[in-house]
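1. Please find the sequence and the predicted model below.
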Amino acid sequence: MNKFYITTSIPYVNSAPHLGNVLDSLYADVLARYKRQRGFDVRFLTGSDEHGAKIIRSAAAAGLTPKEFVDKNSAEFRSLKETLNLSWDDFIRTSDRERHWPGTEKFWKKLEEAGDLHKKIYKGLYCVGHEAFVTEKDLENGNCKDHQRKPEIIEEENWFFKLSKYSKEIYKQIITDKFKIFPETRKNEILSLLETGLEDVSFSRPSKDLNWGVPVPGDSTQTMYVWAEALASYISSLGYGSKNESMFAKYWPADVQIIGKDNLRFHAAIWPGMLLAAGLPLPISLFVHGFLTVDGQKISKTVGNVIDPVELVKKYGTDAVRYYLLKEISPFEDGDFSYEKFEQLYNGDLANGLGNFVARVLTVGEKAGEFDPALEKKLPKEILTKIELVKKAVDEKLDQFKLNEALVAVWELVHYGDSYVNTRKLWEGDKKQEIFNTLTLLDNLAAILRPFLPETAKKITDSICWTNNQLEIKKSAVLFPRV
RNA sequence: CGCGGGGUAGUGUAAGGGUCAGCAUAAAAGGCCCAUAACCUUUAGGAGCCGGUUCGAGUCCGGCCUCCGCAACCA
């Protein structure tokens, strides 16, 4: 059986999840369900990134210990599984000492054995208010924006990873598509960065300044930096570094890794560099999605436009939210959310489109009574061809991660079906064969829809049941009431 | 002139030097009445701006305008 290992980036849990955070796992969920449906041995991983100075600060502000703080926030991200009906198999937390740390440590040692880790003095702008290094970006007239004081230039000793050594090899794997990056523009972006060459990156901080993280093996004075350990979650979760590495052997390399555009450099440069250093294969592909804006604006707490996915689902239902994000948001570019657009799409595509189509077909189906199985043999070619065409289109679109276009193809079936019902006037006279044809169409539609809208697909399928070799229709409640 | 990527009907998008720039949704008219005042058919509506290459340009080239991203923890 073919395996399919898919991962999302692990969100940094220094606040509760917002709507933009769910894109990763929603895309991954559709692909995972789709592959399962096709018989792949799927493993779908998500998790949470829980270390770092920012967590310490946020925890302190909330009056909690870092552990209490991440436990609380991580649980909220985890509960999105129910909220959005996600089908992940595993949720890894970087603060998990039993599952995550051993793999991280082994990975670190591999890099060390390769001679790619070395200590170096790092000089940077240190803001006392932040108790952390700041960048030029954080400054305003030479002062820290948040604290209005001049940062000090201080030096500290860090471990550095020799990323520069791997620029060429990473470039080669990307340009030859051995490591595929979607979409093309992101591929170009990273290639142009690689052409200029990568700099070595800091992989640790002094423990006295950062004690919430994984300690550097053999150097208790240092704590690993995020990418030195968070990225390793993709393999630590498979048991890399544990007594039993069979899962790792089976599933690595990842077939698809999904990230937001901000993560491109980490996943297309640092992570491949680390894997090369450790002698491990690179992922097969990287799918880079855009960001979500709300009413055309960047999501931000200060603007106050944060959309809580839980609230949205409560109001409109899981599949409606899934549909909006999958259909209205381009998988590769930034997309916008607004209640107005949401309701427009909901009424148009879900209530009037899919929901109404299902209702009218099931009604005529129910009225028609029982169906002779012999009708199946007389299914017209036209219908079967149409179904096959849509299936093929969905396959092709999903191979390229064009989830929105895949849904366009699915909706062609709805339009086709509606038109079929109208032109054949299925409600008039005895149209058993035609009704059967339409029910077949609907049944197939539900199957195609399953990875996208699992709950809705199930409701449809449940209404079409074969009992004792007879087809019986049980009309379900309205799928998507108009809003 | 730092680098890179964009700007297609109100909205979301497709194609990509050569059939009326395709599709969906929102809008208008007719039809139907099985269905969630839903559905079907038809109509109207479009390439940021300015030049150039070409028999022919959303599509290639140049300039301008504009938006987005750009390695220390941000999906």
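-> That came through fine. Residues are numbered from 1 along each chain as shown, chains lettered A, B, ... in the order given.

2. Just want the residue of chain A that's nearest RNA strand B.
-> residue A:355 (1.7 Å; Cβ to the nearest atom of the strand). For glycine as for every other residue, the C-beta is placed from the backbone atoms N, C-alpha and C.

3. Now name the helix or strand holding residue A:282.
-> Assigned by DSSP states H and E, residue A:282 belongs to no helix or strand.

4. just checking, it touches residue A:180?
-> No: using Cβ atoms under 8 Å as the test, residue A:282 is too far from residue A:180 to be in contact (9.9 Å).

5. The two - which one has more neighbours?
-> Neighbours were counted for residue A:282 and for residue A:180 using other Cβ atoms under 10 Å; residue A:282 has more, 22 against 16.

6. got a list of what the more buried one touches?
-> A:173, A:178, A:179, A:253, A:272, A:275, A:276 (Cβ atoms under 8 Å, 6 or more residues apart in numbering).

7. What's the first helix or strand after the helix or strand hosting the fifth one?
-> To tie it back to what came earlier, the one meant is residue A:272. For residue A:272, the element it lies in under DSSP H and E is helix A:271-277. As assigned by DSSP H and E, the chain's next helix or strand after helix A:271-277 is strand A:285-289.

8. roughly how far out does stretch A:161-181 sit from the chain middle?
-> 23 Å (Cα atoms, centre = their mean, to the nearest Å).

9. should've said stretch A:50-59
-> Counting by Cα atoms, centre = their mean, stretch A:50-59 comes out at 23 Å from the chain centroid.

10. Next, the buried residues of it.
-> A:50, A:51, A:52, A:53, A:55, A:56, A:58, A:59 (16 or more other Cβ atoms under 10 Å).

11. Quick one: check it for contact with RNA strand B.
-> Yes: shown here: stretch A:50-59 in contact with RNA strand B (Cβ under 7 Å from any atom of the strand) through A:51, A:52, A:53, A:54.

12. Quick check: the last one is in a helix.
-> Yes: with DSSP: H, G, I helix; E, B strand; the rest coil as the criterion, residue A:54 is located in a helix.

13. quick one, what contacts it?
-> So residue A:54 contacts A:12, A:14 (Cβ under 8 Å, 6+ apart).

14. tell me the contacts of the residue of chain A closest to RNA strand B?
-> A:478, A:479, A:480.

15. can you give me the helices in the stretch 1-150 of chain A?
-> Applying DSSP state H, counting those that start in this stretch to the stretch 1-150 of chain A gives helices spanning A:22-37, A:53-61, A:66-78, A:80-83, A:101-113.

16. try the stretch 301-450 of chain A
-> Counting by DSSP H, counting those that start in this stretch, the helices of the stretch 301-450 of chain A are A:309-316, A:318-323, A:339-345, A:356-367, A:381-399, A:403-424, A:432-449.

17. can you tell me which of those comes nearest to residue A:38?
-> Closest approach to residue A:38 among the helices of the stretch 301-450 of chain A (Cβ to Cβ): helix A:381-399, 8.9 Å.

18. So, low pLDDT: which residues of the stretch 151-300 of chain A?
-> Residues of the stretch 151-300 of chain A meeting the criterion pLDDT under 70: A:151.

19. Any residues of it in contact with RNA strand B? List them.
-> A:158, A:185, A:188-189, A:192-193, A:196, A:198-199, A:201-202, A:205, A:210, A:225-226, A:259-263, A:265, A:269, A:291-292, A:298-299.

20. Can you select the buried ones from the residues you listed in PyMOL?
-> In PyMOL, this line selects whichever of these come out buried by 16+ other Cβ under 10 Å:
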select buried, chain A and resi 158+189+193+198+201+202+205+210+225+226+259+260+263+269+291+292+299
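
21. Tell me which of the residues of the stretch 151-300 of chain A next to RNA strand B fall in strands.
-> Counting by DSSP state E, the part of these found in strands is A:158, A:201, A:202, A:205, A:259, A:260, A:292, A:298.

22. what's the closest of those to residue A:93?
-> Using Cβ to Cβ, those come closest to residue A:93 at residue A:259, 18.3 Å.

23. and the closest one, what does it touch?
-> A:8, A:9, A:24, A:266, A:267, A:286, A:287, A:288, A:289.

24. In TSV: these, plus neighbour count.
-> As requested, those are exported to TSV (neighbours: other Cβ atoms under 10 Å):
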residue	neighbour count
A:8	27
A:9	25
A:24	22
A:266	17
A:267	23
A:286	25
A:287	24
A:288	25
A:289	28
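
25. before we move on, back to that, where among the helices of the stretch 1-150 of chain A is average confidence lowest?
-> For the helices of the stretch 1-150 of chain A, the weakest mean pLDDT is recorded on helix A:53-61, namely a mean of 86.

26. Export the helices of the stretch 301-450 of chain A as CSV, with columns for mean pLDDT.
-> Shown next, in CSV, are the helices of the stretch 301-450 of chain A (pLDDT from 0 to 100):
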stretch, mean pLDDT
helix A:309-316, 92
helix A:318-323, 95
helix A:339-345, 90
helix A:356-367, 92
helix A:381-399, 91
helix A:403-424, 93
helix A:432-449, 93
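
27. And those helices: which comes nearest residue A:109?
-> Residue A:109 lies closest to helix A:381-399 among the helices of the stretch 301-450 of chain A, at 37.6 Å (Cβ to Cβ).

28. Would you mind pulling the contact partners of the closest one?
-> Contacts of helix A:381-399 (Cβ under 8 Å, 6+ apart): A:30-31, A:34, A:403, A:405-406, A:409-410, A:412-413, A:416, A:420, A:437, A:440-441, A:444, A:448.

29. which one is residue A:207 nearest to, not counting chain neighbours?
-> residue A:223 (4.9 Å; Cβ to Cβ, 6 or more residues apart in numbering).

30. Just confirm that neighbour is within a strand.
-> Yes: under three-state DSSP, residue A:223 falls within a strand.

31. Distance of it relative to residue A:254?
-> 26 Å (Cβ to Cβ, to the nearest Å).

32. who's more crowded, the two?
-> More crowded of residue A:223 and residue A:254, by other Cβ under 10 Å: residue A:223, with 25 against 22.

33. got a list of what the more buried one touches?
-> A:204, A:205, A:206, A:207, A:210, A:211, A:212, A:213, A:214, A:215, A:216 are the contacts of residue A:223 under Cβ under 8 Å, 6+ apart.

34. and these, which are buried?
-> A:204, A:205, A:207, A:210, A:212, A:213, A:214, A:215, A:216.

35. count of neighbours near residue A:249?
-> The burial count for residue A:249: 11, using other Cβ under 10 Å.

36. Is it within a helix or a strand, and which one?
-> helix A:246-251.

37. can you pull the buried residues of that helix?
-> Buried-residue list, helix A:246-251, by 16+ other Cβ under 10 Å: A:247, A:248, A:251.

38. Tell me the spacing between the last one and residue A:244.
-> Translated: residue A:251. Counting by Cβ to Cβ, the gap from residue A:251 to residue A:244 is 13 Å.

39. which of the residues in stretch A:162-176 are buried?
-> A:162, A:163, A:165, A:166, A:167, A:170, A:171, A:173, A:174, A:175.

40. which residues touch the host helix or strand of the fifth one?
-> The reference is to residue A:167. Applying DSSP H and E as the criterion places residue A:167 in helix A:167-175. The contact list for helix A:167-175 (Cβ under 8 Å, 6+ apart) reads A:178-179, A:181, A:187, A:190-191, A:194-195, A:197-198, A:268-269, A:272-273, A:276, A:282.

41. do stretch A:466-481 as well
-> With Cβ under 8 Å, 6+ apart, stretch A:466-481 has contacts from A:317, A:320, A:346, A:350-351, A:354-355, A:358-359, A:362-363, A:365-366, A:368, A:370-373, A:436, A:439, A:456, A:459-460, A:462-465.
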